[in-house]
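Peer 1: attaching a predicted model along with its sequence, questions to come.
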Amino acid sequence: MGTFDFDQFAVITGLVMLVVAAVIVVVRIAYNWRRTEHSEKHRVSRRLKRFAAPRGFRVLDDVKLEANGQTGWADHILIGYFGVLLVYDIIFAGDYYGKPGDKYWSLGIPGQGRYRMENPLLQADRCAGRVLSLLHDAGIKLSSPERAVVITAAKRGVTSYIKSEDVVQFTELGKLLGRTKFQQDRDVDVEKVAEILAAAQADPGKFRPEKDGKTAV
C-alpha cells in the first residue's frame, strides 16, 4: 500500500481553493454589474415615467419585439401623441468615441483599457423597423420613431466625443424630452400603440438580440 503524500494533497487543495476563490470573485463582479445595470435602467425608466404620467403617455421597459420573423429591442419605449421614442441605456463611465453611423463605438476606461461596443443607434434603427411593421399591420400609420441613447454614469466620469444630439447623459435627459418634437400632437392613439407593442413581445427563450456589450480591443 502506497504512502499518503501530504505535500501533493496540500498543493491540490491549494489549487482547488484558488479556483473556488476566483469563481467567487467572478460571480460577485457579474452580480454587482447586473445589480448596477438594473438600478440604472430603473432610474431612466422612472425619469421617463415622470415625464409621461401627466401627459397621458406610456412607457414600456425592456422591450423585445418580433415582427415577420425579425426581432428588435429597446431598453425603454416612450409612446406619446408625438409618436414613439426608443431609448437605450449605457451604464459605463469613460471616454466615448465614434460616429452615429459606425457599427461599433469605442469606450476608453481609465486604468482598464479600451473596449468596443455595439452602436445603440443602429440597434434603434432595427427596432424602429419592427415598430413600424407591427403598427402598419394593425392599420396604424406612424412617422419613424425617434431615438435616444442615455449615458447613465456620473457626468464627471464621462466624456462623449460622439457628435449626435441623440446621445445624452442622464442629467440631460429632461432637456432632450423638452424638445419641441416631443410636445407636438400628431393624433397618435397612445393606448392602442402601447397595446400592440406590448402584445408583440418576443419569447425571451427564443429572442437573440444583438445587444450592446463591451469587448476589449
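Peer 2: Arrived safely, thanks for sending.
Peer 1: just the strands in the protein please.
Peer 2: Shown for the chain, the strands assigned by DSSP state E span residues 58-67, 70-80, 83-90, 94-97, 104-109, 113-118, 146-151, 158-160, 167-169, 214-216.
Peer 1: would you reformat those as CSV and include mean pLDDT?
Peer 2: Putting these into CSV (pLDDT from 0 to 100) gives the following:
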stretch, mean pLDDT
strand 58-67, 93
strand 70-80, 95
strand 83-90, 97
strand 94-97, 94
strand 104-109, 93
strand 113-118, 91
strand 146-151, 96
strand 158-160, 92
strand 167-169, 95
strand 214-216, 49
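Peer 1: so which of those strands gets nearest residue 191?
Peer 2: When those are compared by CB to CB, strand 58-67 sits nearest residue 191, at 7.1 Å. The way it works is simple: take the backbone N, C-alpha and C, and place the C-beta from them, glycine included.
Peer 1: quick check: buried residues in that closest one?
Peer 2: 58, 59, 60, 63, 64, 65, 66, 67 (16 or more other CB atoms under 10 Å).
Peer 1: looking at these, spot the one nearest residue 135.
Peer 2: Nearest to residue 135 among the buried residues of strand 58-67, counting by CB to CB, is residue 67 at 9.5 Å.
Peer 1: ok, that closest one to residue 79 distance?
Peer 2: In this view, residue 67 and residue 79 are 16 Å apart by CB to CB, to the nearest Å.
Peer 1: ok so, going back, can I get the strands of the chain in CSV including distance to residue 38?
Peer 2: Listed next are the strands of the chain as CSV, based on distance: least, CB to CB, whole Å:
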stretch, distance to residue 38
strand 58-67, 10
strand 70-80, 11
strand 83-90, 11
strand 94-97, 20
strand 104-109, 20
strand 113-118, 19
strand 146-151, 15
strand 158-160, 20
strand 167-169, 19
strand 214-216, 17
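Peer 1: residue 42: which of those strands is closest?
Peer 2: strand 58-67 (8.5 Å).
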